[in-house]
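1. Okay, here's the prediction I keep looking at, along with the sequence it came from:
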Amino acid sequence: MTDVIVFNAGGHQVLHRVTLQHAIRMLYRNVARVREAVPGERFGPYPRPRSLELINYVYTRWVYHSTGRLPCTLSNVLRRDRFRCAYCGGPADTRDHIVPRSRGGASSWLNLVAACATCNGRKRDRTPAQAGMPLLVRPFVPSASQLSHQRG
Ligand SMILES: [Zn+2]
């Protein structure tokens, strides 16, 4: 597990997880600081982060959703979307960021949909509009009971 946990400014609210590379870019751009480092490990000029804390507090819609009880893991996103690809309706086994993470999209329920590997690969780091791949579903924040009806 090389993911780095990103906390909001203040360090009390978990926002999402990013890759180590993404975390280093955040440090480089001075949008975050290291909250907790892996002892004795470095990544270039930085201590290798276990978690980051944003410099500026963010108030966004997805922050509220991300504080809900249900994490939007791959299996949970697949269950919410009934294992159907949001772009072609076929069997899904990946999750796609609607607004790509490289463009600031969050790993949140409202920005994640189930997708098949073909569509995920075709969309790449584009929005659905840019890729010409309209969503067949509208993402929503599921309740625990909505997920428990779907089996993986
Ligand atoms: Zn598909």
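-> Right, received. Where do you want to start?
2. Which SSE is immediately downstream of the lowest-mean-pLDDT helix or strand in the chain?
-> Lowest on mean pLDDT, DSSP states H and E among the helices and strands of the chain sits helix 61-66, with a mean of 46. Counting by DSSP states H and E, the next helix or strand C-terminal to helix 61-66 is helix 74-80.
3. Using CSV, write out the CA atom coordinates for that next one.
-> The C-alpha trace of helix 74-80 is given here as CSV (Å, rounded to 0.1, in the frame of the first residue of the first chain):
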residue,chain,number,x,y,z
LEU,A,74,-13.6,-0.2,-5.8
SER,A,75,-15.9,-3.0,-4.5
ASN,A,76,-18.4,-0.4,-3.1
VAL,A,77,-18.5,1.6,-6.3
LEU,A,78,-19.0,-1.6,-8.3
ARG,A,79,-21.8,-2.7,-6.0
ARG,A,80,-23.5,0.8,-6.1
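4. How is this protein divided into domains?
-> 4-59, 62-148 (automatic domain parsing).
5. Provide a list of residues in contact with Ile5.
-> In this structure, Ile5 makes contact with 14, 17, 50-52, judged by CB atoms under 8 Å, 6 or more residues apart in numbering. Where C-beta positions appear, they are placed from N, C-alpha and C, glycine not excepted.
6. what about it, is that helix, strand or coil?
-> Classification of Ile5 by DSSP: H, G, I helix; E, B strand; the rest coil places it in strand.
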